[in-house]
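Chemist: The sequence isn't on hand, but the structure is:
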């Protein structure tokens, strides 16, 4: 008698979780309730100190499609997700955050798209919050140019090819906050296509009690690393000031007039470098830059908002001086940014 052949599932859903006992059961249930059932669910517990592991083990007993592992020490999400992918037998990987909920047809829609578009390595979609149900997703044709400024795929919605993921080196464990953005850049750099579908795939939670200002500054530093990397691909060794201006482009933050002029000059420099390297389709980059300048066309006015104008001016001058004073200045600059982000109605 021939040995029976065990067929690998089509999709591996991976979850990294740390102290997630409050929401992990709802997250798992949303996967078990999928209309597409040919999947394996791999959960890596990142050394939780609450009852997360007990909840996971109960589900493992109930459903043979679920496997789990536990890190001996807390190692952050990148390590856990890399570990989960290495455990997967499926050729498609779907990421879930442990406090989110997948809509019932999430896997069905994404698998259908990926099977019909073999040239696409990464697929994302829209997601809506429990607090804010206004989903938005960047159209696929705009992803290459938007990737220069921001992460273009919502990480909790992504599905990617395992082989492509392994080829680009997986998640960069040295840059955990912008791990998704860095991964998309790695895919694009290797010539892989990225895509989005407009369908809402995930309902996500925010946690406003966290220290958002501190987190935002740490995230900006991680984004700087990804921006610097992309700009270097284009032949630009960006200075701290240029990265700061690039961040203003990414956030479309209103600023004072001379900063707007700096933004315009910076966007021109990017387009010139891109013309030489051909990193992004030139027409798409030109359109994106024009759209940014329109969004920033009305800078802060001293006559209309004198207090805000002067604070902004003082902040920029102070940060510029900090950059000339070494490590102490860098630390001071970060502190000022955190303080600014902590202020309401800035």
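Modeler: Happy to help now that I have it. Since this is a predicted model, take the numbers as computed values, not measurements.
Chemist: what about the strands in the stretch 1-150 of the chain?
Modeler: 11-17, 39-45, 66-70, 92-97, 101-102, 120-129 (DSSP state E, counting those that start in this stretch).
Chemist: Could you double-check that residue 149 sits in contact with residue 249?
Modeler: Yes. Counting by CB atoms under 8 Å, residue 149 touches residue 249, with 5.8 Å between them. In this view, the C-beta of every residue, glycine as well, is placed from N, C-alpha and C.
Chemist: Which of the strands of the stretch 1-150 of the chain comes out lowest on mean pLDDT?
Modeler: Mean pLDDT is lowest for strand 120-129 among the strands of the stretch 1-150 of the chain, at a mean of 94.
Chemist: Can you list the helices and strands that whatever helix or strand residue 313 lives in packs against?
Modeler: Secondary structure assignment for residue 313, by DSSP states H and E: helix 306-322. Counting contacts by 3 or more CB pairs under 8 Å, 6 or more residues apart in numbering; DSSP states H and E, helix 306-322 packs against helix 326-342.
Chemist: now with 10 Å?
Modeler: Packing partners of helix 306-322 (3 or more CB pairs under 10 Å, 6 or more residues apart in numbering; DSSP states H and E): helix 240-251, helix 257-277, helix 326-342.
Chemist: could you give the angle of it to helix 240-251?
Modeler: With axes from the mean of the first three to the mean of the last three CA atoms, to 10 degrees as the basis, helix 306-322 and helix 240-251 are set at 140 degrees to each other.
Chemist: State the mean pLDDT of helix 306-322.
Modeler: The model assigns helix 306-322 a mean pLDDT of 72.
Chemist: starting at the chain centroid, how far to it?
Modeler: 30 Å (CA atoms, centre = their mean, to the nearest Å).
Chemist: How about the contacts made by residue 109?
Modeler: Contact analysis of residue 109 by CB atoms under 10 Å, 6 or more residues apart in numbering lists 35-36, 103, 123, 125, 159, 197, 199, 201.
Chemist: Report the buried members of those residues.
Modeler: 36, 103, 123, 125, 159, 197, 199, 201 (16 or more other CB atoms under 10 Å).
Chemist: Look at the last one and give its secondary structure.
Modeler: When classified by DSSP: H, G, I helix; E, B strand; the rest coil, residue 201 comes out as strand.
Chemist: these two touch, right, it and residue 155?
Modeler: No. The pair residue 201 / residue 155 is not scored as a contact, 11.7 Å apart, by CB atoms under 10 Å.
Chemist: Run through the residues that contact the closest residue to residue 155 other than its chain neighbours.
Modeler: Nearest non-adjacent residue to residue 155, counting by CB to CB, 6 or more residues apart in numbering: residue 180, 3.8 Å away. Applying CB under 10 Å, 6+ apart to residue 180 gives the contacts 77-78, 81, 95, 122, 124, 151-156, 158, 171, 226.
Chemist: so which of those residues is the most crowded?
Modeler: residue 124 (29 neighbours; other CB atoms under 10 Å).
Chemist: Distance of the closest residue in space to that residue that isn't next to it in sequence relative to residue 254?
Modeler: Taking CB to CB, 6+ apart, and ignoring the residues beside it in sequence, residue 124 has residue 153 as its nearest neighbour in space, at 3.4 Å. For residue 153, the distance to residue 254 (CB to CB, to the nearest Å) stands at 27 Å.
Chemist: ok, now residue 188?
Modeler: 30 Å.
Chemist: out of the two, which sits in the busier spot?
Modeler: Between residue 188 and residue 254, residue 188 has the larger neighbour count (other CB under 10 Å), namely 23 against 17.
Chemist: Just give the nearest non-adjacent residue to the more buried one, would you?
Modeler: residue 147 (5.9 Å).
Chemist: can you count the residues close to the one you found?
Modeler: Other residues close to residue 147 by other CB under 10 Å number 21.
Chemist: same deal with residue 269?
Modeler: Other residues near residue 269 come to 16 when the count uses other CB under 10 Å.
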